[in-house]
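**Q** What follows is a predicted structure for the sequence shown.
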Amino acid sequence: FSLELAKEFTSNNEDLAFELFDMLRGEFDGYKSGIADAVRDGDMVELRAQVHKLHGASRCCGTSELKEVSNRVENLIVQNVEFDIDKEISELLTAIQRIEEFDIEQVKKAG
């Protein structure tokens, strides 16, 4: 998490940056469930929809790793190229997990 990147999106509004970050984390269970269901069902249209929403949400929250990984996965799906779906989804879920485990309170205290 980069507070500076998040503040760029929120016109330097630190409170809004933290609020958006918290909102993103609150939506992770839904994203993880939707992604898992789409992968299990082999539904690339739904997988793209889930990853697209996640990518969009991550763009405004200062979560650069999640933004990059979700963008890459979405592009692979859109390009309709063969890729290692297990590897890519694993990396995506790892990026989500890192944000889930991130101690945002430390950043708030430092601010």
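**A** Nice, thanks for sending it over.
**Q** can you pull the contacts of residue 51?
**A** 35, 70, 73-74, 77, 92 (C-beta atoms under 8 Å, 6 or more residues apart in numbering). (C-beta placed from N, C-alpha, C; glycine too.)
**Q** Take those and keep only those in strands.
**A** Judged by DSSP state E, the subset of these located in strands is empty.
**Q** how about the residues you listed in TSV, adding distance to residue 11?
**A** Shown next, in TSV, are these (distance: C-beta to C-beta, whole Å):
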residue	distance to residue 11
35	31
70	24
73	29
74	26
77	32
92	29
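**Q** Please identify the buried residues of stretch 7-21?
**A** For stretch 7-21, the neighbour count (16 or more other C-beta atoms under 10 Å) marks 7, 10, 17-18, 20-21 as buried.
**Q** Just the closest of those residues to residue 48, please.
**A** Closest approach between the buried residues of stretch 7-21 and residue 48, by C-beta to C-beta: residue 20, at 23.1 Å.
**Q** so the closest one is in which element?
**A** Under the criterion of DSSP states H and E, residue 20 resides in helix 14-26.
**Q** so where's this protein uncertain?
**A** 111 (pLDDT under 70).
**Q** isn't residue 95 right next to residue 72, touching?
**A** No. Using C-beta atoms under 8 Å, residue 95 is not in contact with residue 72; the gap is 10.4 Å.
**Q** what about those two, which has more around it?
**A** residue 95 (20 against 16; other C-beta atoms under 10 Å).
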